[in-house]
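Engineer: Need coordinates for the below:
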Amino acid sequence: MHHRDFEKVKVTDAGFGTHGAQVDRTVRLAALAADEQAQDHRSLAKLWEQLAARTLEIFDAFLTPQRCFLLVRHGPPRTVRPAELRGIAILQRVLVEGSQQAAATELGISPSTTAARGQAGLTALGFSCRVPRTPYIIVAAANASQGHAAIEARSSTIEAAHRPLQVLTIPRPEGHISSRLTGAVLQVTTSLLEGMTRSHIARVRNTSERTVSNQLSVAFKQLRAAGRLDMLRVLACAQYPHHNG
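Structural biologist: From the prediction side, this is the model:
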């Protein structure tokens, strides 16, 4: 694909709230081009380990129509606060269990404490979105770290501001649900997977939030998921081979 063709690729931020809002589009174009030529793969389990230890920091996260992108870099040496580590550990449990309520039960702490500390963990990773809107590639990494998903990302490297950035990508999961969901149900599910809220989906589709909720209920039932996070967990754990080229 020529560089000018990358200009035409639709890139979605999905409200993840990383540095991406300030990222020069040329960085993302470079990431698209590097991923197109990528030959290497990287374990998402190892990625989670480094993110949790704060030896890697998240620079950007975005979607294209085909793939989920995560740009990471080595950060400067820093002292990691115990509260950050606790928050990331609780976030990991939430993403592995598929819901904050299930994680609270597993951890033996209150749902409100689970929610607050899990949110702090997501913030420590570099996201400002709410936990239920965590990007799919992060959910997949958390589950891979527990041995629940044997997922490897396509890996390449670019430079931004004279610093190397690692570009990690995995396919979007919609291809694995299109045979089970159709029409409007598939469309609203895709929007939810992208991180859109129900109210946002309703506005975009010019319909009521209740209609969107009803359509998502059908999707969750078909996929045997309790909600968005659980749906991402199910897809990460059940649908991927070792390599996702």
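
Engineer: Helix or strand next in line after the helix or strand bottoming out on mean pLDDT in the chain, which one?
Structural biologist: The weakest-scoring helix or strand in the chain, judged by mean pLDDT, DSSP states H and E, is helix 3-6 (a mean of 52). Scanning forward in sequence from helix 3-6 by DSSP states H and E, the next helix or strand is helix 25-36.

Engineer: Can you show me the strands along the protein?
Structural biologist: Secondary structure of the chain (DSSP state E): strands at 40-43, 56-63, 67-74, 152-160, 163-171.

Engineer: List the buried residues in the fourth one.
Structural biologist: Same thing as strand 152-160. 152-156, 158, 160 (16 or more other CB atoms under 10 Å). From N, CA and C alone the C-beta is placed, and that goes for glycine too.

Engineer: ditto for the shortest one
Structural biologist: For strand 40-43, a neighbour-count test (16+ other CB under 10 Å) marks 41-43 as buried.

Engineer: Compile the residues you listed into a markdown table and extend it with columns for pLDDT.
Structural biologist: As requested, the buried residues of strand 40-43 are exported to a markdown table (pLDDT from 0 to 100):
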| residue | pLDDT |
| --- | --- |
| 41 | 95 |
| 42 | 94 |
| 43 | 93 |
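
Engineer: I'd like these as JSON lines, with distance to residue 174 appended.
Structural biologist: JSON lines is the format used below for the buried residues of strand 40-43 (distance: CB to CB, whole Å):
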{"residue": "41", "distance to residue 174": "22"}
{"residue": "42", "distance to residue 174": "23"}
{"residue": "43", "distance to residue 174": "23"}
